[in-house]
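K.L.:
structure of the sequence below:
(2 chains)
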Number of protein chains: 2
Amino acid sequence: MRVGILGTGMVGATLGSKLIQLGHEVKMGSRSASNEHAVQWAKENGGHASAGTFADAAVFGEIVFNCTAGVASLAAITSAGSSNLKGKILVDVANPLDFSKGMPPTLTVCNTDSLGEQIQKAFPSVRVVKALNTMNCKVMVEPTLVGGEHDVFVCGNDPAAKAKVREVLTAFGWKSIIDLGDISAARGMEMLLPVWLRLMGQFQTANFNFKIAR
Amino acid sequence: MRVGILGTGMVGATLGSKLIQLGHEVKMGSRSASNEHAVQWAKENGGHASAGTFADAAVFGEIVFNCTAGVASLAAITSAGSSNLKGKILVDVANPLDFSKGMPPTLTVCNTDSLGEQIQKAFPSVRVVKALNTMNCKVMVEPTLVGGEHDVFVCGNDPAAKAKVREVLTAFGWKSIIDLGDISAARGMEMLLPVWLRLMGQFQTANFNFKIAR
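P.N.:
The predicted structure is shown next:
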């Protein structure tokens, strides 16, 4: 599978490397094709890894992961190009965190809207699936870092897109994938961040995750 | 122990009945001393149960539970009387849910503030502890309704008040109580509601709860 990654931070690099390990080809996109983080990541990840612009990554990917900072996501996807993403699955991993007013960050959108919904609304021909935003990136690709059973949430309007993302998550090692319904469930998923951040402060580690006990 | 309950809904009745079963005396308060739900509840719960106004419940209780609807909580506590609550523990179980715009409800306050913080700010002499708002009321008093291990969160500015609430939660059957820090953690606790409501829709039951896997 060919995968596009939007964003060159820890989340994009971690997901990209895992996808390479699983045998996929990955192009990491950013504002500039010569972004040093992306070029370095491509160098370290072998022949199946490459770097390019957001548009390059969108053209390349059969499936595309939005790993940009939430506040920059709409601009990044615009730059990637609606026509380059048309009909494709966009896995939105981002959180709309605003660090500009200090710690803890607040959300730039919540309660009556969400980043996931804003992306779906702005790019109606893209099949947006929100997933993986409720945990640290190391846990995303290695669920066994956290003890016991725990869950990853997905939501989105397109059942076939969610089924495909479920396959990817299963390949990452996920055993419990909870489908929360349509993309408006992104509100609840993104609104888990404040408690997640508190827990990280209390536990002094990011190796934990939500589990819904039943 | 003498306990005041503010609110006559399912949450107040369920907590009140449990506290009676544990041997405490409980007065359920509402706007009117003759509120039919409260009078009926008192009748059904024996000699240790009584009904009165919000102020009666506040005077009566050594510890007071806010079980009113979130949108009505500040008015109810004002009516209970700051001087009647002075120095006492107020366990805030409420969620600031706004059902006026249809389903799903949104939060009337979130992200940069919370109901728990609003109460603490409005009543600085009261020792507010947020707890139990992240689950169904039956689960609050009978954690074994949900399988496996799962958690109850607490937050508040007063360590001694949190220790006392911890005792009450332990008596309810809670084994895992996670202290999230000061009252500003009420933001995160209240912001769990949207995902909780989604999960209830997906599972078609309220017998589930958050567990933080580590």
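
K.L.:
so residue A:154 is in contact with residue A:169, correct?
P.N.:
Yes: in this structure, residue A:154 is within contact of residue A:169 by CB atoms under 8 Å, at 7.4 Å. Placement of C-beta: from N, CA and C, glycine included.

K.L.:
what is in contact with these two at once?
P.N.:
A:131, A:177 (CB atoms under 8 Å, 6 or more residues apart in numbering or on different chains).

K.L.:
could you list the buried residues of the helix or strand hosting residue A:71?
P.N.:
With secondary structure defined by DSSP states H and E, residue A:71 is part of helix A:70-80. For helix A:70-80, the neighbour count (16 or more other CB atoms under 10 Å in any protein chain shown) marks A:70-71, A:73-74, A:76-77, A:79-80 as buried.

K.L.:
now do stretch A:164-175
P.N.:
Buried, per 16+ other CB under 10 Å, within stretch A:164-175: A:164-166, A:168-169, A:171-172, A:174.

K.L.:
what's the longest helix in chain A?
P.N.:
Under DSSP state H, the helix in chain A containing the largest number of residues is helix A:159-172.

K.L.:
next one: the residue nearest to residue A:166 when sequence neighbours are not counted from residue A:149, what distance?
P.N.:
Closest residue to residue A:166 apart from its sequence neighbours, by CB to CB, 6 or more residues apart in numbering or on different chains: residue A:177 at 5.4 Å. Distance of residue A:177 to residue A:149, computed by CB to CB, to the nearest Å: 12 Å.

K.L.:
quick revisit: switch the buried residues of helix A:70-80 over to TSV; also include distance to chain B and pLDDT.
P.N.:
Converted to TSV, those look like this (distance: CB to the nearest CB, whole Å; pLDDT from 0 to 100):
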residue	distance to chain B	pLDDT
A:70	13	98
A:71	14	97
A:73	18	98
A:74	19	98
A:76	23	98
A:77	23	98
A:79	28	98
A:80	28	98
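
K.L.:
ok, so of those residues, who is nearest residue B:111?
P.N.:
residue A:70 (13.4 Å; CB to CB).

K.L.:
residues contacting the nearest residue in space to the closest one that is not next to it in sequence?
P.N.:
Excluding the flanking residues, the one nearest residue A:70 by CB to CB, 6+ apart is residue A:96, at 3.6 Å. Residues near residue A:96 by CB under 8 Å, 6+ apart: A:70-71, A:73, A:107-110, A:114-115, A:190.

K.L.:
now residue A:96. Its backbone dihedrals?
P.N.:
phi -80, psi 60 (degrees, to the nearest 10).

K.L.:
now that we're looking at it, what pLDDT does it have?
P.N.:
Here, the pLDDT recorded for residue A:96 equals 98.

K.L.:
residues of chain A that sit close to chain B?
P.N.:
For chain A, the residues in contact with chain B (CB under 8 Å from any CB of the partner chain) are A:106-107, A:110-112, A:146-150, A:153, A:178-181, A:185, A:187-189, A:191-192, A:194-199, A:201-203, A:205, A:207-214.

K.L.:
narrow the residues you listed to those in helices?
P.N.:
Reading helices off the residues of chain A next to chain B with DSSP H, I get A:187-189, A:194-199, A:201-203.

K.L.:
buried ones among the residues you listed?
P.N.:
By 16+ other CB under 10 Å, those give A:187-189, A:194-199 as buried.

K.L.:
farthest pair within those residues?
P.N.:
A:187 and A:199 (19.8 Å).

K.L.:
from residue B:169, how far out is the nearest residue to residue A:49 once chain neighbours are set aside?
P.N.:
Nearest non-adjacent residue to residue A:49, counting by CB to CB, 6+ apart: residue A:42, 4.4 Å away. Between residue A:42 and residue B:169 the computed distance is 52 Å (CB to CB).

K.L.:
residue A:65 too?
P.N.:
Per CB to CB, residue A:65 is found 40 Å from residue B:169.

K.L.:
report how many residues lie close to residue A:102.
P.N.:
Around residue A:102 there are 8 other residues, counting by other CB atoms under 10 Å in any protein chain shown.

K.L.:
Provide the backbone phi and psi angles at the most centrally placed residue in chain A.
P.N.:
Nearest to the geometric centre of chain A sits residue A:93, at 2.1 Å (CA atoms, centre = their mean). Residue A:93 adopts backbone torsions of phi -100, psi -10, taken as degrees, to the nearest 10.

K.L.:
and for the nearest residue to it once chain neighbours are set aside, the neighbour number?
P.N.:
Using CB to CB, 6+ apart and skipping the chain neighbours, the partner closest in space to residue A:93 is residue A:132 (4.8 Å). Using other CB under 10 Å, residue A:132 has 27 other residues around it.

K.L.:
where exactly do the strands run in chain A?
P.N.:
Taking DSSP state E, the strands of chain A run over residues A:2-6, A:25-30, A:49-53, A:63-66, A:89-92, A:97-98, A:106-107, A:127-131, A:152-156, A:177-179, A:209-213.

K.L.:
now those as CSV including distance to residue B:61 and mean neighbour count?
P.N.:
Putting the strands of chain A into CSV (distance: least, CB to CB, whole Å; neighbours: other CB atoms under 10 Å in any protein chain shown) gives the following:
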stretch, distance to residue B:61, mean neighbour count
strand A:2-6, 54, 26
strand A:25-30, 58, 27
strand A:49-53, 63, 22
strand A:63-66, 50, 27
strand A:89-92, 47, 28
strand A:97-98, 40, 18
strand A:106-107, 35, 20
strand A:127-131, 43, 28
strand A:152-156, 39, 25
strand A:177-179, 39, 17
strand A:209-213, 31, 23
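
K.L.:
could I get those strands as JSON lines with distance to residue B:128?
P.N.:
JSON lines is the format used below for the strands of chain A (distance: least, CB to CB, whole Å):
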{"stretch": "strand A:2-6", "distance to residue B:128": "43"}
{"stretch": "strand A:25-30", "distance to residue B:128": "46"}
{"stretch": "strand A:49-53", "distance to residue B:128": "51"}
{"stretch": "strand A:63-66", "distance to residue B:128": "39"}
{"stretch": "strand A:89-92", "distance to residue B:128": "36"}
{"stretch": "strand A:97-98", "distance to residue B:128": "26"}
{"stretch": "strand A:106-107", "distance to residue B:128": "21"}
{"stretch": "strand A:127-131", "distance to residue B:128": "33"}
{"stretch": "strand A:152-156", "distance to residue B:128": "30"}
{"stretch": "strand A:177-179", "distance to residue B:128": "32"}
{"stretch": "strand A:209-213", "distance to residue B:128": "25"}
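
K.L.:
brilliant, that's me finished.
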